[in-house]
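Novice: With the input below, show me the fold.
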Amino acid sequence: MWIYPFSAILGQERLKTALILCAANPDIGGVLVQGQKGTAKSTAVRALAGILPEIETIYACQFNCDPAVENDFCPVCKNAGALNAPGKKRIAKRAPIVTLPLNATEDRVAGGLDFEKALRTGGRAFAPGLLAAAHRGILYVDEVNLLDDFLADLILDAAATGMNRVEREGVSFVHPARFVLVGTMNPEEGSLRPQFLDRFGLCVEVDGEADPGLRVALMERREAFDADPKAFCALFDEQERALAGRISRAGEMLEKVVVGQDARKLVVEQCRKAGVAGHRADIVMEKTAKTIAAWEGRTFVDKAAVLLAASFVLPHRIREAANTPQKPPPPPQDDRERENEPPADEPSKEPPPGDTEQDEHPDSPQERLPLPPPPLGQDKEQVFAIGPTFGVRRIRVEKDRISRRGPGRRSRTRSAEKKGRYVKSRMAQSFSDLALDATLRAAAPFQKQRKGASALAVQIRRQDIHTKVREKRMGHFLVFLVDGSGSMGAQKRMAAAKGAVMSLLLDAYRMRDLVSVVVFRKKEASLALPPTNSVALAARLLETMPTGGRTPLSAGLAKAYQVAGNRLYKDETARPILFIITDGRSNASLDEAKKPLDEALHMARKMGADARMRFVVVDSEPKGMMAFGLAQKLAEALGAAYYKIEDLAADDLAAVARKTQYA
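Specialist: Alright, predicted model coming up:
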């Protein structure tokens, strides 16, 4: 298979520079490449294979042991005496580039029991994984932000210690695993965990080239490569060799590069200004600046090298702090009151206290107060803008024993597919996804009785067969039931409600969740946002969501339950969570013969009996007035978690969902 030459890549100078620096000095710690699809991220990384410097290793060693560092030999080379053993010799080869696929299993990455040898000989042996193959080379993860957490944890541990330790299936094995971690990702598809993000020494953000002439030349080169890869690569052989030689010389020159005190002070100053956490950024920036100097053929680090290094080292370390939205302080009570006051020269158009649309029905908690009828124009609609969005923490629920299908990254669940982490085994109901380690353990006690039945060292029967139980992450279906009646007419509350819904939608997009919004007002409830993870569509619908009218709480509950039920009808293993944002008042019923509030509570008790769903009630009843606690009664009827409107900030609302548990 022909690989597009690194020297043939047009543009993307920062991307190429970062990759070259990591190739010259693996101690930098790798590079994260972020950018839109189609910006040559993967092409550039794979093209590194042609320009990486050669390494010296031991012939037939599966761990790329360095013959010059005997203390760092793998157990196989130590036991064999390495170079003193027959047939052992030094060989030179290109540093490896190992691609880690997103659907890799744990034993494929870290290694595990050699099942073939176990069946043939009955003995235990270690089968190396991808971490062993990547030692002294590059471990490449495309779409690294979509990597399952359990695989990310394996990589983090090996990157931090330089060793891979395997303790599983009766095998105990430790081998060196030092590699340059290179990842590519599209930020639109989600972010990385902070621990994983910090492990990348450098970060580069790439965009498509804007120069028309360069874009034309890029198309022509790609067409030439596709037409005749061999001839195209031959055109760049000389440039590839020259680039590989320069990288090797830069690596050899690193020991001669001197970092003065002025350069170190500048490194510290840049890191302090950026507000990075810890000291890894300082160390990596110094190493990067030294590599830049060596690449340019200098034996000292100057200011330009430090500033260039800072542009690679700091962006991904300050991004989280820089983008963490700050919650604006609430305005003083007096300010809130003044917002609704008319000008001094105009008479007030506000109705007297208690003269609101909730009081129209005799079943209102304020029925004992002698109130005048509502003024004309009560049902006039208002449209409020979406309030500030907030950064949300992950919404998690406890795992259960139900096997599920489908994408997502939200919560851990058992997998109904041959994907995910192998966590345990069970007696086989079929021969799909065989757990050979558990099968061997089940067959071991009976080997004396079965001896001689076949040429295999281990005799296996049908009753010994075990299959794997796997875990994966999946998304959820979130339904927001929003009170759009006149009681939400205070701008601060409706804008905040829209902002929280939008915030969780943004998070749901990253976590591959589906989100739906149901609004109830006047005498009906409507589906304002069908199940979606489209941020653009959600923003348009939320912006035009009107507010005003009566409060048909029963209709809203029925509609939200229907939306969740439709999802369960399509997928009975779905895990819907219903967020109900209301003050609990109700003055419009589905059945005119019933009192609205009694009808809503009766419906809530029926919904709460459905164990397939979970509910969260956020009370929008404002402070500073007589509180009736109707939303709390609604929460009790639903068996839901209950929070006041002050907790509607997205962080708090996400925390509510995390506390929601499944049996």
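
Novice: got the domain boundaries for the protein?
Specialist: If you go by automatic domain parsing, the domain ranges for the chain are 6-53+95-253, 257-320, 382-395+475-659, 413-473.

Novice: for the record, mean pLDDT for the last one?
Specialist: Mean pLDDT, domain 413-473: 74.

Novice: Stretch 608-627 now?
Specialist: Mean predicted lDDT for stretch 608-627 stands at 79.

Novice: Let the chain start at 58 from now.
Specialist: With 58 as the first residue, the last one maps to stretch 665-684.

Novice: Go through that stretch and flag the buried ones.
Specialist: Using 16 or more other CB atoms under 10 Å as the test for burial, stretch 665-684 gives 665, 667, 670-679. C-beta: built from backbone N, CA, C; applies to glycine.

Novice: quick one: which of the residues you listed sit in helices?
Specialist: residue 665 (DSSP state H).

Novice: Now render the buried residues of stretch 665-684 as CSV, adding distance to residue 286.
Specialist: Formatted as CSV, those follow (distance: CB to CB, whole Å):
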residue, distance to residue 286
665, 64
667, 59
670, 55
671, 55
672, 59
673, 57
674, 62
675, 59
676, 65
677, 63
678, 69
679, 69
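
Novice: what's the farthest-apart pair in the buried residues of stretch 665-684?
Specialist: Maximum pairwise distance among the buried residues of stretch 665-684 (CB to CB): 30.9 Å, between 667 and 679.

Novice: circling back to that earlier point, rank the domains of the chain by mean pLDDT and give me the bottom one.
Specialist: Across those, the lowest-scoring stretch is domain 470-530, with a mean of 74.

Novice: Could you check how far that one is from the centre of its chain?
Specialist: Relative to its chain's centre, domain 470-530 lies at 32 Å (CA atoms, centre = their mean, to the nearest Å).

Novice: Pull the contacting residues for residue 583.
Specialist: Going by CB atoms under 8 Å, 6 or more residues apart in numbering, residue 583 touches 575-577, 616.

Novice: So residue 693 belongs to a helix, correct?
Specialist: Yes. Counting by DSSP: H, G, I helix; E, B strand; the rest coil, residue 693 is located in a helix.

Novice: In terms of helix, strand or coil, where does the residue nearest to it when sequence neighbours are not counted fall?
Specialist: Using CB to CB, 6 or more residues apart in numbering and skipping residues adjacent in sequence, the residue nearest residue 693 is residue 699, 7.8 Å away. With three-state DSSP as the basis, the three-state label of residue 699 is strand.

Novice: same thing with residue 150?
Specialist: Strictly by three-state DSSP, residue 150 counts as strand.

Novice: what are the ranges of the strands in the stretch 158-307 of the chain?
Specialist: For the stretch 158-307 of the chain, the strands defined by DSSP state E, counting those that start in this stretch cover 169-170, 183-184, 195-199, 220-225, 228-233, 237-242, 259-263.

Novice: I'd like to know which elements the second one is packed against.
Specialist: Think strand 183-184. In this structure, strand 183-184 packs against strand 169-170, with contacts taken as 3 or more CB pairs under 8 Å, 6 or more residues apart in numbering; DSSP states H and E.

Novice: try the last one
Specialist: Taking 3+ CB pairs under 8 Å, 6+ apart as contact, the helices and strands that strand 259-263 lies on are helix 70-81, strand 88-92, helix 360-370, helix 372-380.

Novice: Check the fifth one too.
Specialist: Using 3+ CB pairs under 8 Å, 6+ apart as the contact criterion, the elements in contact with strand 228-233 are helix 132-137, strand 220-225.

Novice: got the buried residues for the last one?
Specialist: Spelled out, that is strand 220-225. Buried-residue list, strand 220-225, by 16+ other CB under 10 Å: 221, 223.

Novice: for stretch 61-80, same thing?
Specialist: Applying 16+ other CB under 10 Å to stretch 61-80 flags 61-66, 68-69, 71-80 as buried.

Novice: just to revisit the earlier point, between the strands of the stretch 158-307 of the chain, which one is nearest to residue 285?
Specialist: Per CB to CB, nearest to residue 285 of the strands of the stretch 158-307 of the chain: strand 195-199, 26.3 Å.

Novice: Which residues does that closest one contact?
Specialist: Residues contacting strand 195-199 (CB under 8 Å, 6+ apart): 79-80, 87, 99, 102-103, 105, 109, 152-157, 159, 187-188, 204, 212, 236-241.

Novice: can you check stretch 155-167 too?
Specialist: Taking CB under 8 Å, 6+ apart as the rule, stretch 155-167 contacts 169-170, 184, 186-188, 190-191, 194-200, 203-205, 207-208, 211-212, 221, 223, 225, 236, 476, 478-479.

Novice: again, only this time at 6 Å
Specialist: The contact list for stretch 155-167 (CB atoms under 6 Å, 6 or more residues apart in numbering) reads 186-188, 190-191, 196-198, 203-204, 208, 211, 221, 223, 476, 478.

Novice: Single out the most deeply packed of the strands of the stretch 158-307 of the chain.
Specialist: Greatest average neighbour count among these goes to strand 237-242 (a mean of 25), per mean count of other CB atoms under 10 Å.

Novice: That one pairs with which strands, and in what direction?
Specialist: strand 88-92 (parallel), strand 195-199 (parallel) (DSSP bridges).

Novice: will you turn those into CSV that also has distance to residue 517?
Specialist: Converted to CSV, the strands paired with strand 237-242 look like this (distance: least, CB to CB, whole Å):
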stretch, distance to residue 517
strand 88-92, 45
strand 195-199, 35
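
Novice: can you tell me which of those comes nearest to residue 126?
Specialist: Across the strands paired with strand 237-242, closest to residue 126 is strand 195-199 (CB to CB), at 19.4 Å.

Novice: of the helices and strands packed on strand 228-233, which approaches residue 302 most closely?
Specialist: helix 132-137 (29.6 Å).

Novice: how far out from the middle of the chain is that closest one?
Specialist: Using CA atoms, centre = their mean, the offset of helix 132-137 from its chain centre is 40 Å.

Novice: Let me know the average pLDDT across it.
Specialist: The model assigns helix 132-137 a mean pLDDT of 77.

Novice: From the structure, what's the count of residues near the nearest residue to residue 667 once chain neighbours are set aside?
Specialist: Among residues not flanking residue 667 along the chain, residue 618 sits closest, at 7.9 Å (CB to CB, 6+ apart). The tally of other residues near residue 618 (other CB atoms under 10 Å) stands at 22.

Novice: same thing with the one 5 residues further on?
Specialist: Taking other CB under 10 Å as the neighbour definition, residue 623 ends up with a count of 13.

Novice: repeat for residue 494
Specialist: Count around residue 494 with other CB under 10 Å applied: 21.

Novice: what about it, helix or strand, and which?
Specialist: In the assignment (DSSP states H and E), residue 494 maps to helix 493-500.

Novice: Pull the residues that contact the helix or strand just after that helix.
Specialist: The helix or strand immediately downstream of helix 493-500 is helix 504-507, counting by DSSP H and E. Helix 504-507 is touched from outside by residue 516, with contacts defined as CB under 6 Å, 6+ apart.
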